[in-house]
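The sequence and its predicted three-dimensional model are supplied below.
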Amino acid sequence: MSTPFSIPLTDVKVPEEDVQAVLACLEEGWLTMGPRTQAFEAAFAEWTGASHAVAVASGTAALHLALLAAGVGPGDEVIVPAFTFVATAAAARYCGAEAILADVRSPLEPTLDVLDVASRISPRTKAVVAVHFAGYAADMVALRGLCGDRGLVLIEDCAQAVGALCADETPVGLAGDIGCFSFFSKKQLCVGEGGMVATAHEEYAAKVRSLRSHAMTSVTWDRHRGHAESYDIVDVGFNYRLDEPRAALGLARLPRLDADLEARREGVRTYRRLLADVPGVELPWTDEDVERATHFAFCILLPDRGTRDAVRDALAADGIQTTWYPSLTYFTEYESHGRRPVSEEVADRHVALPLSASMVPGDIETVVERLGVALADV
Ligand SMILES: *Cc1c(COP(=O)(O)O)cnc(C)c1O
């Protein structure tokens with residue numbers, strides 16, 4: 001797609017084999033959830049190592065259904081990080097629960113602070129949602145210990161982290177009770193809109209499978225094949241189905257995911273090497289963490305918000321697109337939750353530089369060179 005930026009933040013490539021896969025699906029004429037969705041679920045389960053994978057319409061839908069499957073309802077509290085995309089908190093609120101914002105560890109490791117989570121547990125707390133920010137796993141060993149001790153369901157928001165490993169090498173999505181993935185356009189495995197719920201627990205998978213299609217006891221595909229004549233409704237469900245063209249796209253793209261993630265990782269290694277000695281730049285996480293992560297974005301830390309904003313303006317003027325992720329406490333809807341100092345510090349100080357699987361080393365060198373110039377000027 002054309003953009004006013006010569007180096008865009010992300011770049012989605014759709015090769016001919018993907019186009020052909022979608023075309024074949026359209027020509028066959030079965031467009032809603034059916035055999036390609038089933039095949040995509042099976043392939044994704046195998047790729048992640050999950051016992052069960054249930055495809056849904058979005059990552060947000062995955063979070064909503066995961067929380068409902070965990071039994072979250074009105075009057076409950078769900079602890080989520082303040083430094084995340086708003087969908088993590090909104091999903092708890094769809095269930096009638098309250099989202100409790102916990103702070104993150106540090107600007108260098110902006111995932112849930114387990115001590116802050118512990119301090120916010122109340123008799124009403126039902127679940128904790130860990131977010132694997134930018135493709136780096138949260139501290140799942142500590143969170144699992146805490147949630148196990150306190151009888152809380154541990155849900156993973158893996159929207160930015162497909163394929164990442166935790167510190168103990170457990171794949172994200174399998175380290176807690178339920179893992180939620182997104183296939184939105186900016187995510188590493190993208191089909192436009194789509195999501196997946198992964199879990200080792202049969203009862204959670206069955207609940208999600210039921211709720212994604214109105215809690216009907218048979219789906220259209222079964223009835224089409226004569227496997228069922230009618231159906232019963234056994235709960236209040238939703239239309240959170242994935243459709244077949246998107247499942248076809250997911251199936252076509254999944255075999256290239258490992259190579260795409262390695263290309264992102266290589267881009268991050270290049271950035272970190274070139275940025276290691278640039279004054280005023282701090283690199284979050286360690287080189288070791290980089291190897292286990294899957295790099296939804298490449299974030300660096302600058303000294304303060306003023307510098308960050310000036311650098312972003314200078315890079316934009318050079319045709320280089322960047323972004324930053326706010327703390328939920330900055331939004332009108334979440335302002336009454338009060339301050340979360342570490343989430344706000346990381347929100348203020350970081351900038352996400354261009355990164356995609358198709359990015360060439362020359363572009364990374366250009367970004368680093370322009371960044372150096374911009375920093376020297378502020
Ligand atoms: C993208 C994202 C979501 C939502 O996924 P959608 O597929 O866009 O609904 C949820 N949480 C995080 C952390 C995300 O980055």
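Here it is on my side, so go on.

For the stretch 1-150 of the chain, which residues are neighbours of the ligand?
58-60, 84-85, 87-88, 131 (Cβ under 6 Å from any ligand atom). Bear in mind the C-beta positions are built from the backbone N, C-alpha and C, glycine included.

can you put the residues you listed in JSON lines and add pLDDT and neighbour count?
Formatted as JSON lines, those follow (pLDDT from 0 to 100; neighbours: other Cβ atoms under 10 Å):
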{"residue": "S58", "pLDDT": "98", "neighbour count": "20"}
{"residue": "G59", "pLDDT": "98", "neighbour count": "27"}
{"residue": "T60", "pLDDT": "98", "neighbour count": "23"}
{"residue": "T84", "pLDDT": "98", "neighbour count": "27"}
{"residue": "F85", "pLDDT": "98", "neighbour count": "19"}
{"residue": "A87", "pLDDT": "98", "neighbour count": "22"}
{"residue": "T88", "pLDDT": "98", "neighbour count": "26"}
{"residue": "V131", "pLDDT": "98", "neighbour count": "27"}
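
ok, of those, which one's closest to L9?
Closest approach to L9 among these (Cβ to Cβ): F85, at 15.1 Å.

unless I'm mixing things up, that closest one is touching P326, no?
No. F85 lies out of contact with P326 (Cβ atoms under 8 Å); the separation is 9.5 Å.

Which residue, other than its chain neighbours, is closest to F238?
Spatial nearest neighbour of F238, excluding adjacent residues (Cβ to Cβ, 6 or more residues apart in numbering): L211 at 6.1 Å.

Just the pLDDT for that neighbour.
pLDDT, L211: 98.

try A297
A297 is given a pLDDT of 97.

give the contact list for it.
Residues near A297 by Cβ atoms under 8 Å, 6 or more residues apart in numbering: 134-135, 160, 323, 352, 355.

Can you list the residue ranges for helices in this structure?
For the chain, the helices defined by DSSP state H occupy 16-28, 35-48, 59-69, 87-94, 114-119, 140-150, 202-211, 220-224, 244-253, 257-275, 287-292, 305-317, 341-349, 361-377.

Looking at those, which one is packed in the most?
helix 59-69 (a mean of 28; mean count of other Cβ atoms under 10 Å).

quick one: low-confidence parts of the chain?
Residue ranges of the chain with pLDDT under 70: 1-2.

Switch the contacts of A297 over to TSV; also include neighbour count.
Shown next, in TSV, are the contacts of A297 (neighbours: other Cβ atoms under 10 Å):
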residue	neighbour count
A134	24
G135	29
Q160	28
T323	15
A352	19
L355	24
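
Cross those residues against strands and list the overlap.
Within the contacts of A297, residues falling in strands by DSSP state E are A352.

picking that back up, now the residue nearest to F238: how far from R223?
19 Å (Cβ to Cβ, to the nearest Å).

residue in this protein nearest to the ligand?
With Cβ to the nearest ligand atom, the shortest gap between the chain and the ligand falls at G59, namely 2.5 Å.

With distance to G195 as new columns, can the helices of the chain be given to me in a markdown table?
A markdown table is the format used below for the helices of the chain (distance: least, Cβ to Cβ, whole Å):
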| stretch | distance to G195 |
| --- | --- |
| helix 16-28 | 18 |
| helix 35-48 | 11 |
| helix 59-69 | 4 |
| helix 87-94 | 10 |
| helix 114-119 | 24 |
| helix 140-150 | 20 |
| helix 202-211 | 11 |
| helix 220-224 | 19 |
| helix 244-253 | 10 |
| helix 257-275 | 15 |
| helix 287-292 | 23 |
| helix 305-317 | 30 |
| helix 341-349 | 24 |
| helix 361-377 | 30 |
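
Specify the stretch among the ones you listed that is closest to L108.
Closest among those, using Cβ to Cβ: helix 341-349, at 8.7 Å.

hmm, who's touching that closest one?
Contacts of helix 341-349 (Cβ under 8 Å, 6+ apart): 81-83, 101, 103-107, 110, 113, 301-305, 308, 324-330.

again with stretch 231-246
22, 25-26, 30-37, 40, 55-58, 61, 64-65, 183, 191-195, 210-218, 223.

Only alpha carbons, please: show stretch 133-141 as CSV.
Taking C-alpha atoms only, stretch 133-141 is exported to CSV below (Å, rounded to 0.1, in the frame of the first residue of the first chain):
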residue,chain,number,x,y,z
PHE,A,133,4.0,-6.4,25.2
ALA,A,134,5.7,-6.0,21.8
GLY,A,135,6.3,-9.7,21.5
TYR,A,136,8.2,-10.1,24.9
ALA,A,137,6.7,-12.5,27.4
ALA,A,138,5.5,-11.3,30.8
ASP,A,139,7.0,-13.0,33.9
MET,A,140,4.7,-16.0,33.6
VAL,A,141,6.6,-18.1,36.2
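
Would you tell me which strand is longest in the protein?
Per DSSP E, the chain has its longest strand at strand 125-131.

thinking again about what came up before, correct me, but the residue nearest to F238 touches A69?
Yes. If you go by Cβ under 8 Å, L211 and A69 touch, sitting 7.4 Å apart.

Now do C158 against A61, distance only.
14 Å.

Kindly report the same for W30.
W30 sits 21 Å away from A61, going by Cβ to Cβ.

nearest residue to the residue of the chain most remote from its centre other than its sequence neighbours?
Centroid-distance maximum for the chain: E229 at 38.2 Å, with Cα atoms, centre = their mean. Counting by Cβ to Cβ, 6+ apart, E229 lies nearest to R223, which is 7.0 Å off, once chain neighbours are set aside.

Widest-spaced pair of the contacts of A297?
Maximum distance among the contacts of A297 (Cβ to Cβ): 15.0 Å, for G135 and T323.

Contacts only, for the residue nearest the centre of the chain.
By Cα atoms, centre = their mean, the chain has its centre lying nearest to A159, at 1.4 Å. By Cβ under 8 Å, 6+ apart, the contact set of A159 is 59, 85, 87, 131, 180-182, 184, 187, 195.
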